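1. after the sequence you'll find the predicted model.
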Amino acid sequence: MNPNRKELFALESSHAPAKHQTLRTQHNLMQNCLLMVVLLAFPAIVQAQFTFTTNNGAITITGYAEVSDSVFAVTIPNETNGLPITGIGPGVFSYDSVGSVTIPDSVTTIGGNAFFECSDLTNATIGDGVTNIGDSAFAGSGLTGITLPDTLVGIGVQAFSGAALSNVTIPDSVTSIGAYAFSGCANLISVNIGAGVTSLGIPPFNFCTNLTAIAVDTNNPAYGSVNGVLFDKNQATLITYPGGLGGSYTIPDSVNTIAEYAFAGCSVSSVTVPNSVTTIGDAAFISSSLTGVTIGAGVTSIGASAFAQTLLLDVTIPNSVTSIGDYAFYYSLSLTNATIPGSVTDIGDSVFADCGSLASATIGNGVTSIGYEAFADCASLTSITIPDSVTTISDNAFQSCANLASVTLGNGVTSIGYEAFFYTSVTNIVIPNSVTSIAENAFKDCANLASATIGNGVTAIGDYAFAGCPLLTSVYFMGNAPAADSTAFLIIGVDSQFYYVSTAYYLSGTTGWAAFSANTLIPAVPWNPLIQTSDASFGVQGNQFGFTVTGATKSPIVVEVSTNLAYPVWTPVATNTLTAGSFFFSEALQTNISGRYYRITLP
């Protein structure tokens, strides 16, 4: 038997009054010492077994075996066999039915998870010897109140997270409070922090939705509070805005950083961020009631999930911002408009994902990449223009934007990711010459897609890239035939039959079309219409200007017109098919302009 390991037996008690419980000790001749603990049953008899270790003449409780489902009280004695009990080990009472606990002055340390998720624990008396409360020691407990001793120095990470506390006073003796120490304490109304705290883990009070005031001793050298808002004096950082403190709030000009989770879960309705602020931390406003925000011109960084799950209606990001973190505005269901300036280089993953009301998004010419699921499931988004600065559209970037009908791709895009526009309502897509690859499922199940033009830089089209697009009967290629297989343009009819795009049109002088047709099962024919300028139909006749277009039979064409070749804006004026290889176009003479220019293009 390990000489440092002793067995502890709980004592039976069921009939004695609660305030005058009797203690009966069972002697075990096989043991050389016993630790006595009082367990008050409610109302059943409780018998329990503890284990403990001794180290340098001191005892730490290390284990406890519950044998009853009844709620019970625990009183830990100061000593046994002349040895002091100085510690409660990690996880000793976690998940147990402890209703109350009395911890003697001899105990200096309460270990991590010691009373974790003890939901029945409503009362704890902590002796005047405790110096440290471990990580998650009382997390998830039913504690409604706690008096912390003046000997206490450190409070661990998540020590009281999710507890039922209503008020907390941190004594002057405490120098360190761990991150998330009181997070999620939904009943917490007020907090008083003593003069001794010099190390405060962030966030300490996030998601305390009823917290209305945080007060800090005026003698505290590191932290302070103004109107209940917690600040770091030395770092000019706003740490916590009380969750239950609603209304509008203007952040003081002395602040340069908004800490992570600073407004998390708050009922604040609007916030003005001054020009002095440079950084908005991760999850700074997550799950708050924020409907409006003014972001100052000094902000350079917006952290991950900073405004996720808020009630924001519109957001304009200033030109000072260079970085927007992943999920920054994720699941902000009321957000209708977003403007991203050219100073931002990357739109991170899921930045606007699941913003169901987002109807307008402006992307500045400076953004180089659009991240994974950046705008996924934005059901109200109807159009998007990708500027020339963007080179990468990542996987699933616009997937399931069910009403996205208009997509304009800039001339800098080189790759279109997996399912980038999957299940959108895009009607027409022109892939610019800069694009080299179109990934699998990129435009799959775009039921309204009726026209696709593939730029001359595309060398590969992924599996099912345009599959499930029943209106897409023809595809137009501006360069040599790309690598593709029979799934790339596969159509599944309502009768579950497989069909394929009927025609691939290519330009004269391009190559690889026999192999393309063999691989994709799509007939490839040349697209070669010409405006005939030398025949009798060309020119002005009877107050009409007209011309004949000839080319391969059934070739589709669009006639476009512009009034300024120096800065051309081409407007479609006719769409037709070269039935029997020709089409005559005419329109009334325009007398109020100096010139009118025509061209024919692909649909």
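-> Structure's in. What do you need? Residues are numbered from 1 along each chain as shown.
2. tell me the spacing between Val71 and Ala164.
-> For Val71, the distance to Ala164 (CB to CB, to the nearest Å) stands at 15 Å. Yep, even glycine has a C-beta here, placed from its N, CA and C like the rest.
3. OK, contacts around Thr316?
-> By CB atoms under 8 Å, 6 or more residues apart in numbering, the contact set of Thr316 is Ile295, Thr339.
4. identify the bridge partners of it.
-> Beta-bridge partners for Thr316, by DSSP bridges, are Thr339.
5. all helices for this structure, in order.
-> Taking DSSP state H, the helices of the chain run over residues 513-520.
6. quick one: low-confidence parts of it?
-> Residue ranges of the chain with pLDDT under 70: 1-49, 65-69, 493-497.
7. let's see 50
-> 1-48 (pLDDT under 50).
8. let me know the outermost residue of it.
-> Relative to the average C-alpha location in the chain, and by CA atoms, centre = their mean, no residue lies farther out than Ala536, which sits at 65.2 Å.
9. relative to Ala574, how far out is that one?
-> Following CB to CB, the distance that separates Ala536 from Ala574 is 20 Å.
10. what does Ser486 give?
-> 35 Å.
11. what of Asp128?
-> The value you get for Asp128 to Ala574, if CB to CB is used, is 92 Å.
12. which one's more surrounded, these two?
-> Using other CB atoms under 10 Å as the criterion, Asp128 and Ala574 rank with Ala574 on top: 16 against 13.
13. got the contact list for the closest residue to Thr144 other than its chain neighbours?
-> Of all residues not flanking Thr144 in the chain, Ala164 sits nearest, at 5.0 Å (CB to CB, 6 or more residues apart in numbering). Ala164 makes contact with Thr122, Ser141, Gly142, Leu143, Thr144, Cys185, Asn187 under the criterion CB under 8 Å, 6+ apart.
14. where does the fourth one fall, phi/psi-wise?
-> Backbone torsions for Leu143, taken as degrees, to the nearest 10, come to phi -60, psi 120.
15. how about it: what's its closest non-neighbour residue?
-> If the residues on either side of it in the chain are set aside, Leu143 comes closest to Ala163, at 4.8 Å by CB to CB, 6+ apart.
16. what's around the one you found, how many residues?
-> In terms of burial, Ala163 registers 28 neighbours under the definition other CB under 10 Å.
17. gap between it and Pro149?
-> Distance from Ala163 to Pro149, by CB to CB: 17 Å.
18. next: Ala518.
-> When CB to CB is the yardstick, Ala518 and Pro149 sit 83 Å from each other.
19. the more surrounded of the two?
-> Remark: of Ala518 and Pro149, Pro149 carries more neighbours, 17 against 11, as counted by other CB under 10 Å.
20. quick check on the nearest residue to Ser343 once chain neighbours are set aside: phi, psi?
-> Once its chain neighbours are removed from consideration, Ser343 has its nearest residue in Asn319; the separation is 4.8 Å (CB to CB, 6+ apart). Phi and psi for Asn319, reported as degrees, to the nearest 10, are phi -70, psi -10.
21. number of nearby residues for Asn319?
-> 12.
22. same question for Pro252.
-> There are 14 residues near Pro252, going by other CB under 10 Å.
23. that one and Val216, how far apart?
-> When CB to CB is applied, the distance between Pro252 and Val216 equals 15 Å.
24. and for Leu530?
-> If you measure Leu530 against Val216 using CB to CB, the figure is 81 Å.
25. who's more crowded, these two?
-> The residue with more neighbours, out of Leu530 and Val216 and counting by other CB under 10 Å, is Val216; that gives 22 against 10.
26. need the contact list for the more buried one.
-> Asn192, Ile193, Val197, Tyr223, Gly224, Ser225, Leu230.
27. mind checking the end-to-end distance for stretch 368-387?
-> Stretch 368-387 has an end-to-end distance of 9 Å (criterion: CA to CA, to the nearest Å).
28. cool, and stretch 153-171?
-> With CA to CA as the measure, the first residue of stretch 153-171 is 9 Å from its last.
29. hey, where'd the strands end up in the stretch 451-600 of the chain?
-> Secondary structure of the stretch 451-600 of the chain (DSSP state E, counting those that start in this stretch): strands at 451-454, 460-461, 474-477, 490-492, 498-500, 503-506, 524-526, 530-532, 539-541, 544-550, 556-562, 571-577, 582-588, 597-601.
30. for Ser425, what are its contacts?
-> Taking CB under 8 Å, 6+ apart as the test, what Ser425 contacts is Cys401, Ala402, Asn403, Leu404, Ala405, Cys446, Ala447, Asn448.
31. turn those into CSV, columns for distance to Gly154 and neighbour count.
-> Rendered in CSV, the data for the contacts of Ser425 read as follows (distance: CB to CB, whole Å; neighbours: other CB atoms under 10 Å):
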residue, distance to Gly154, neighbour count
Cys401, 50, 25
Ala402, 52, 14
Asn403, 54, 13
Leu404, 53, 25
Ala405, 59, 18
Cys446, 58, 27
Ala447, 61, 14
Asn448, 62, 15
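32. out of those residues, who's nearest Gly479?
-> Taking CB to CB as the measure, Gly479 sits nearest to Cys446 out of the contacts of Ser425, at 22.3 Å.
33. residues contacting that closest one?
-> If you count contacts by CB under 8 Å, 6+ apart, Cys446 has them with Phe421, Phe422, Tyr423, Thr424, Ser425, Val426, Phe466, Gly468, Cys469, Leu472.
34. so which of those residues wins on neighbours?
-> Comparing those on neighbour count, Phe421 comes out first with 30 neighbours (neighbours: other CB under 10 Å).
35. show me what the nearest residue to Tyr223 once chain neighbours are set aside bridges to in the sheet.
-> Counting by CB to CB, 6+ apart, the nearest residue to Tyr223 once its immediate chain neighbours are dropped is Val216, at 5.1 Å. Each beta-bridge partner of Val216 is listed here: Ile193, as defined by DSSP bridges.
36. how far away is Val216 from Ser183?
-> Remark: distance between Val216 and Ser183 (CB to CB) = 18 Å.
37. with Ile155 instead?
-> From Ile155 over to Ser183 the distance is 12 Å, taken as CB to CB.
38. hmm, Pro556 and Leu602 touching each other?
-> Yes: using CB atoms under 8 Å as the test, Leu602 is close enough to Pro556 to be in contact (7.4 Å).
39. intersection of neighbour lists for the two?
-> With contacts defined as CB under 8 Å, 6+ apart, the residues shared by Leu602 and Pro556 are Tyr505.
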